[in-house]
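In: sequence-free structure coming up:
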Ligand code: NDP
Ligand code: 8X3
């Protein structure tokens, strides 16, 4: 059933973003899908059209570029700017290293993507929500926002920033009835660790051995749940982990 509602999901080419796209499509949303890999966005558009008859717009841009993000979003037709849900999901970790040995290019990439990218997208979309006095922003944080682990320094800091920005957005947007939810997942088997370990599949696989990690669909279910509550109810901050994980540090294997 079509709802006439629109969700914008960043990082829809893989993992949580792709799973959220499928979940929201199943719930009758129209979707704005973003990411850098345009061929994946096109394939997802086709799949969602076939499976659910979903109307979609794909925007290919790098969230690190303020200009690219703004230009792409401003290209949306007026009717598509009526965004009901923004899922700020695009993000990544690069490597694990002590603070004295960290690669400063990796630091830039994580900070520019996870923090500045989220800000650029939000800065464009929020005024559209504000005008309509309605909307819901879901920021994907991490258990890494809540518990710092060894060699996670900069990635953990970017997710702590997402946590703080979610709190700040919530306060600033109270007068406009815009909900802000931070969803903080624990270890989930997506492309996240392949990206973190720069294509080293064996190292990535090790992260998820000995316990059952979250699946992308589990996180999409939680994001959908947060977005399916009545207008007067907002989940502000939600941590979701595999049952075998207590926080970013303790996992029972
Ligand atoms: P994936 O690697 O599977 O997906 C990451 C998505 O982010 C891709 O669609 C990718 O698209 C997009 N992305 C990355 N960099 C950019 C960029 N510069 N510009 C635009 N899009 C970008 O990882 P997950 O789905 O696991 O991660 C999604 C979010 O969840 C991230 O913010 C991550 O930090 C967070 N997270 C992940 C956890 C996990 O264990 N998997 C746990 C907790 C939080 P493309 O490459 O096409 O641009
Ligand atoms: C992703 C989960 O534990 O690798 O945010 O930081 S973790």
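Out: Right, received. Where do you want to start? Since this is a predicted model, take the numbers as computed values, not measurements. Ligands and ions are numbered 1, 2, ... in the order given.

In: and the gap between residue 18 and residue 119?
Out: Taking Cβ to Cβ, to the nearest Å as the measure, residue 18 and residue 119 are separated by 23 Å. (Each C-beta comes from the backbone N, C-alpha and C, glycine too.)

In: these two: which is more packed in?
Out: The neighbour comparison of residue 18 against residue 119 (other Cβ atoms under 10 Å) goes to residue 18, with 26 against 17.

In: mind listing what's buried along the helix or strand that contains the more buried one?
Out: Element membership of residue 18, judged by DSSP states H and E, is helix 15-26. By neighbour count with 16 or more other Cβ atoms under 10 Å, helix 15-26 contains the buried residues 15-25.

In: try stretch 235-250
Out: By neighbour count, with 16+ other Cβ under 10 Å as the criterion, the buried positions of stretch 235-250 are 235, 237-242, 245, 248.

In: so what's the spatially most central residue of the chain up against?
Out: Centroid-nearest residue in the chain: residue 89, 1.2 Å away (criterion: Cα atoms, centre = their mean). Contacts for residue 89 were tallied using Cβ atoms under 8 Å, 6 or more residues apart in numbering; they are 9-12, 16-17, 20, 138, 140.

In: rerun at 10 Å
Out: 9-12, 14-21, 34-35, 118, 138-140, 183, 219-220, 223 (Cβ atoms under 10 Å, 6 or more residues apart in numbering).

In: and it, what pLDDT?
Out: As summarised for this prediction, residue 89 has a pLDDT of 98.

In: for residue 208, give its distance to residue 7.
Out: Summarising the geometry, the distance separating residue 208 from residue 7, computed by Cβ to Cβ, is 28 Å.

In: looking at those two, which has the bigger crowd around it?
Out: Counting neighbours by other Cβ under 10 Å for residue 208 and for residue 7 shows that residue 7 has the greater number, 27 against 18.

In: wait, that one touches residue 87, no?
Out: Yes: counting by Cβ atoms under 10 Å, residue 87 is a contact partner of residue 7 at 6.5 Å.

In: intersection of neighbour lists for these two?
Out: When contacts are counted by Cβ under 10 Å, 6+ apart, residue 7 and residue 87 are jointly contacted by 20-21, 24, 136, 138, 223, 227.
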